[in-house]
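# Structure for the following, please:
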Amino acid sequence: MEVLVVRSEDDAGRAIEALSGSLVLGCDTETSGLHPSKGRLLSIQFSDGEHHVLIPVSEGVSVAPFRELLAEGSVTKVFHNARFDLGFIGAAGYEVHGVYDSMIAEKVLTKGADQSVSLAETLYRYFAVDLDKSKRKKFGRNWSGIWTDDLVEYAMNDVVMLPGLMREQRKWLQELNLERDYDVLVQTALG
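From the prediction side, this is the model:
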């Protein structure tokens, strides 16, 4: 997978151009903690399944060139546990519109089934994909903040499957007549 790591204005322009025609973007963040008041945003990742972009905030790269993309309501941004990611993105001063939460959709689809709705378990159920989460530990206190190829690949693995996951979940939500349940739950969770 070829990933554009945004480290310059030219990179940002190329990334925005590559993603500009997308109607659905997988989105994810890497953070230094579990709450925006105690941790910081380390990166934001986007993928439409073909174009893959990582903004390495920990390297001092600004998210500002992507403000319009984040706020554009006609582009669906697929998060898994949107409340978490939106908390960090919001704390950094950016609004996100057009959100789909694959974790909430999975909660609706598996209610009563006593199944995990973690991203790793969900992707395995739909696509038989194993996510290696062991590299997450590298983002600890002693991390330099520099994004190596290894860490970029780790971060992108979480986001690249999200557009496809949304398509599959939406089919099942419609098939099982659970679209309203999803809408109510996502409104309650995300406001």
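# quick one: buried residues of the host helix or strand of residue 163?
Using DSSP states H and E, the element containing residue 163 is helix 162-175. Using 16 or more other CB atoms under 10 Å as the test for burial, helix 162-175 gives 162-166, 168-169, 173. Placement of C-beta: from N, CA and C, glycine included.
# One more: stretch 112-129?
117, 119-120, 122-123, 125-126.
# Quickly list what the closest residue to residue 27 other than its chain neighbours is bridged to.
Residue nearest to residue 27 in three dimensions, not counting chain neighbours: residue 77, with 4.6 Å by CB to CB, 6 or more residues apart in numbering. Per DSSP bridges, residues listed as beta-bridge partners of residue 77: residue 25, residue 99.
# can you give me the helices in the protein?
Secondary structure of the chain (DSSP state H): helices at 9-19, 67-71, 82-91, 102-110, 119-127, 149-157, 162-175, 179-190.
# Tabulate the ones you listed in CSV, adding columns for mean pLDDT.
Below are those laid out as CSV (pLDDT from 0 to 100):
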stretch, mean pLDDT
helix 9-19, 97
helix 67-71, 97
helix 82-91, 96
helix 102-110, 96
helix 119-127, 94
helix 149-157, 92
helix 162-175, 97
helix 179-190, 93
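# Looking at these, spot the one closest to residue 38.
Residue 38 sits nearest to helix 82-91 of all the helices of the chain, at 10.5 Å, using CB to CB.
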